[in-house]
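Trainee: Could you work out the structure for the sequence below:
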Amino acid sequence: MTLRDRFTVVGRPTDCHVFEGDGTRPISEENMRVRYVPERVRFPEDVGRWRREIEEEQARKEAAGEPHLWNNPRFAVERLAIARTDIAEDPVATLTLRDADYYDFLTTSVNLERAREDGQTLREQYIDGRDPLGAPAFMFCSFGVNVAVETGRDHKMLFSHRSSRVAGPNSSKWNSSANEGLARDHDLSADGRVNLHAVARRALREELAVQGSDAVDLELLGFGLDVRNNQWAAFFRAVLTDLTEEDLRARWSRGVEDKWEHDGHAFVPADPASVLRFLLDEPAERWTPCAPALFYLALVRAAVRARDGSPEGRFEVEAIERRVVQEREDGA
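Mentor: Down below sits the predicted model:
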């Protein structure tokens, strides 16, 4: 395995590196630990000047009454460590976060190809051919929580299409059912705690109108790294036990907190063949880097649970994937 090997599905390599998880074993809520260090990321002097340029430009736009980007508080990823319990060897994850903001994120995310004073770009220095854990925290000022949603009563997988109104490189693309970036205003408790499962539930509420009173079977499947944009992501699977496609669409018609973030949804039968055909039917460039990996791991998890926890369910999904690809080649 290379340091940043790319997840491949239906014959297509993606720009997602799956760092932890294969869909067979979730990370329990008690085994997901988050450490918060209340100290800001620090940039090298030349990169710090890029941040000041962004701050000054956005201040100018705001003063002129022009559209501008709001600098919301968020987190930077300092470290993600994976271990196993002694006897059952269940996965244990420890995520270490420190303070950052949206302008910090823009400083690196939009400047990955920009040369520093020594002539190297950020991508050359910290990303290409490197250990994903070796880069400094200022390179990771974004952490996304991504959820693959299945309706429990009619067994549909939900795909969400990001609106063109959403800033960033993933606008106008198929994405996870719901996603949220970690934000200090929303996700840091008064006693300094961050709970990723709670962030996933917030994503369901704000983007899909799934409320706290709804029965949700929620599991953390693992973590991925978007190597195109250098952003970490957590992968969740959520089964909405008592809801159907019709129930969700009826709720959306009455209003959703963040309805503007998506301009379309697709409900696909949640069996592997149907989901994998949908992934293949949509051109590769219409997907965000890590969405295909998320949905594939969700399929594996469903298959494993259908076999009472046997990891052999993973190979059932692989066999169906091969069949779907062969069908497409035969029909080409």
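Trainee: Give me the distance between the residue nearest to residue 297 when sequence neighbours are not counted and residue 94.
Mentor: Closest residue to residue 297 apart from its sequence neighbours, by C-beta to C-beta, 6 or more residues apart in numbering: residue 23 at 3.9 Å. Where you see a C-beta, it was placed from the backbone N, CA and C, and this is true even at glycine. Here the criterion is C-beta to C-beta, to the nearest Å. By it, residue 23 lies 21 Å from residue 94.
Trainee: More neighbours: those two, which one.
Mentor: Between residue 23 and residue 94, counted using other C-beta atoms under 10 Å, the more crowded position is residue 23 (26 against 14).
Trainee: so that one touches residue 221, yeah?
Mentor: Yes: assessed by C-beta atoms under 8 Å, residue 23 is found in contact with residue 221 at 5.8 Å.
Trainee: if I look at these two, which residues touch both of them?
Mentor: Common contact partners of residue 23 and residue 221 (C-beta atoms under 8 Å, 6 or more residues apart in numbering): 297, 298, 301.
Trainee: wouldn't the second one be in contact with residue 158 here?
Mentor: No: counting by C-beta under 8 Å, residue 158 is not a contact partner of residue 298; they are 10.6 Å apart.
Trainee: picking up where we left off before, which among the shared contacts of residue 23 and residue 221 gets closest to residue 262?
Mentor: Nearest to residue 262 among the shared contacts of residue 23 and residue 221, counting by C-beta to C-beta, is residue 298 at 18.4 Å.
Trainee: so who does the closest one touch?
Mentor: 23, 148, 150, 157, 221, 235, 237.
Trainee: Grab the nearest non-local neighbour of residue 28.
Mentor: residue 90 (6.9 Å).
Trainee: related to what we said a few turns ago, any common contacting residues for residue 298 and residue 158?
Mentor: Contacts common to residue 298 and residue 158, judged by C-beta under 8 Å, 6+ apart, are 148, 150.
Trainee: In terms of helices and strands, where is residue 225?
Mentor: Using DSSP states H and E, the element containing residue 225 is strand 216-226.
Trainee: Dump the helix or strand following that strand to CSV, keeping only the CA atoms.
Mentor: Next helix or strand after strand 216-226 toward the C-terminus (DSSP H and E): strand 231-240. Extracted in CSV, the C-alpha atoms of strand 231-240 (Å, rounded to 0.1, in the frame of the first residue of the first chain):
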residue,chain,number,x,y,z
GLN,A,231,-9.3,17.7,3.8
TRP,A,232,-10.1,15.0,6.4
ALA,A,233,-13.5,13.3,6.5
ALA,A,234,-15.4,11.1,8.8
PHE,A,235,-17.6,8.4,7.3
PHE,A,236,-21.0,7.6,8.9
ARG,A,237,-23.8,5.3,8.0
ALA,A,238,-27.3,6.3,9.2
VAL,A,239,-30.4,4.1,8.8
LEU,A,240,-33.6,6.2,9.3
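Trainee: ok, back up a step: any chance of the shared contacts of residue 23 and residue 221 in CSV, with secondary structure and distance to residue 15 too?
Mentor: What follows is these, written out as CSV (DSSP: H, G, I helix; E, B strand; the rest coil; distance: C-beta to C-beta, whole Å):
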residue, secondary structure, distance to residue 15
297, helix, 16
298, helix, 19
301, helix, 22
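Trainee: what about the helices in the stretch 101-250 of the chain?
Mentor: With DSSP state H, counting those that start in this stretch applied, the stretch 101-250 of the chain shows helices at 102-109, 122-126, 184-187, 196-208, 245-253, listed in chain order.
Trainee: Return the most buried member of those helices.
Mentor: Each of the helices of the stretch 101-250 of the chain was scored by mean neighbour count; the highest is helix 102-109, a mean of 24, by mean count of other C-beta atoms under 10 Å.
Trainee: so where is the stretch 201-332 of the chain shaky, pLDDT-wise?
Mentor: 332 (pLDDT under 70).
Trainee: Next, count neighbours for residue 267.
Mentor: Residues lying near residue 267 (other C-beta under 10 Å) number 19.
Trainee: which element follows the helix or strand harbouring it toward the C-terminus?
Mentor: For residue 267, the enclosing helix or strand under DSSP H and E is strand 262-269. The C-terminal neighbour of strand 262-269 among helices and strands, as given by DSSP H and E, is helix 272-281.
Trainee: From the contact counts, what lies against that following helix?
Mentor: Applying 3 or more C-beta pairs under 8 Å, 6 or more residues apart in numbering; DSSP states H and E, one finds that helix 272-281 contacts strand 156-162, strand 262-269, helix 291-306, helix 313-331.
Trainee: Make TSV from those and add distance to residue 198 to it.
Mentor: Output for the helices and strands packed on helix 272-281, formatted as TSV (distance: least, C-beta to C-beta, whole Å):
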stretch	distance to residue 198
strand 156-162	20
strand 262-269	22
helix 291-306	19
helix 313-331	28
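Trainee: hmm, back to that, output the shared contacts of residue 23 and residue 221 as TSV; include the columns distance to residue 46.
Mentor: Shown next, in TSV, are those (distance: C-beta to C-beta, whole Å):
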residue	distance to residue 46
297	39
298	42
301	44
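Trainee: Nothing else from me, thank you.
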